[in-house]
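Peer 1: Return atomic coordinates for the entry below.
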Amino acid sequence: MSACSLRGLNWFNALSGGAALVAGLPPSLRVADGELAGQPVRFIAVVADPENRFPRARQGEVGLLEGWGLAKAVDELIDADCDQPHKRALLAIVDVPSQAYGRREEALGIHQALAAAADSYARARLAGHPVIALLVGKAMSGAFLAHGYQANRLIALRDPGVMVHAMGKASAARVTLRSVEELEALAASVPPMAYDIDSYASLGLLWESVSVRQIEQPAVEDLAVVEECLLAAIADVRAKGVDLSCRLGASNRAASSRVRQLLREQW
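Peer 2: Residues are numbered from 1 along each chain as shown. Now for the predicted structure:
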């Protein structure tokens, strides 16, 4: 069994500044209300829980408890700020290797749990909460769809360990009937098949990427650089609105932009 990643937990602790954890959530979720340069922010991270009652969700995967817990954490913020003109920001700290795969997860409706999380993030965004996702590790599969992908702005740290994809390399190789080596060769010419953050950025989905010196355990200077970028993202959302149109400008999304244009013309 591979070692659990601590990136999400370490960045959560560093950015939240020791703020008290929100109670009533599973141990695999870290949620705290703190501030960035005086701006109120709810910080959310999914972390590894070796004692998780669901064995398939013990290494940071997003499973049943995590999906419903994320929905609860976001919904509570929406409800608390519903009458406030200035909605608090949400920061999703993303280091998730996968959704939880298992018979119990399927039988108990993991599709509903993860859909609830994605729905809550989307409703928070549409309600005027600046939702920012900070990718510090893996952002894989349904886990990323549930935790982070609905953000107004996606920010990634520049590091080989920061990867975005629909599935892990071994799984993708099996599904496509290729070896991992053949898959990597294909990814060199087909950006959506690649895992590296530069290929993902070429699809126009990232708002910004940030270089840090110590990604596993952020130093003071790393924290300052990331906080500056997060504050700029929050300000950009407040200035430009809640939609996701900023994701469609890249050359590798030209077909997506064209399809949307034709739909608008013909609808």
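
Peer 1: what pairs with the longest strand along the chain, and is each one parallel or antiparallel?
Peer 2: Longest strand in the chain, counting residues (DSSP state E): strand 131-140. Its sheet considered, strand 131-140 pairs with strand 89-96 (parallel), strand 153-157 (parallel), strand 163-165 (parallel) by DSSP bridges.

Peer 1: These: which one's closest to Arg258?
Peer 2: With C-beta to C-beta, the closest approach to Arg258 among the strands paired with strand 131-140 belongs to strand 153-157: 22.5 Å. (C-beta placed from N, C-alpha, C; glycine too.)

Peer 1: Identify the residues contacting the closest one?
Peer 2: The contact list for strand 153-157, computed with C-beta atoms under 8 Å, 6 or more residues apart in numbering, reads 130-136, 148, 162, 164, 197, 200-201, 205-212, 215, 226, 229-230, 233, 236-237, 246.

Peer 1: what do you get for stretch 22-30?
Peer 2: By C-beta under 8 Å, 6+ apart, stretch 22-30 touches 8-9, 12, 16, 21, 31-33, 43-49, 51-52, 57, 60, 65-66, 69-70, 72-73, 76.

Peer 1: quick check, distance from that stretch to the centre of its chain.
Peer 2: 17 Å (C-alpha atoms, centre = their mean, to the nearest Å).

Peer 1: Of all the residues in it, which ones are buried?
Peer 2: Buried residues in stretch 22-30, defined by neighbour count with 16 or more other C-beta atoms under 10 Å: Val22, Leu25, Pro26, Ser28, Leu29, Arg30.

Peer 1: could you pull out the strands for the stretch 1-150 of the chain?
Peer 2: Along the stretch 1-150 of the chain, counting by DSSP state E, counting those that start in this stretch, strands occupy 29-36, 39-46, 89-96, 131-140.

Peer 1: returning to what we had before: identify those among the contacts of strand 153-157 that sit within helices.
Peer 2: Ile197, Tyr200, Ala201, Val226, Cys229, Leu230, Ala233, Asp236, Val237 (DSSP state H).
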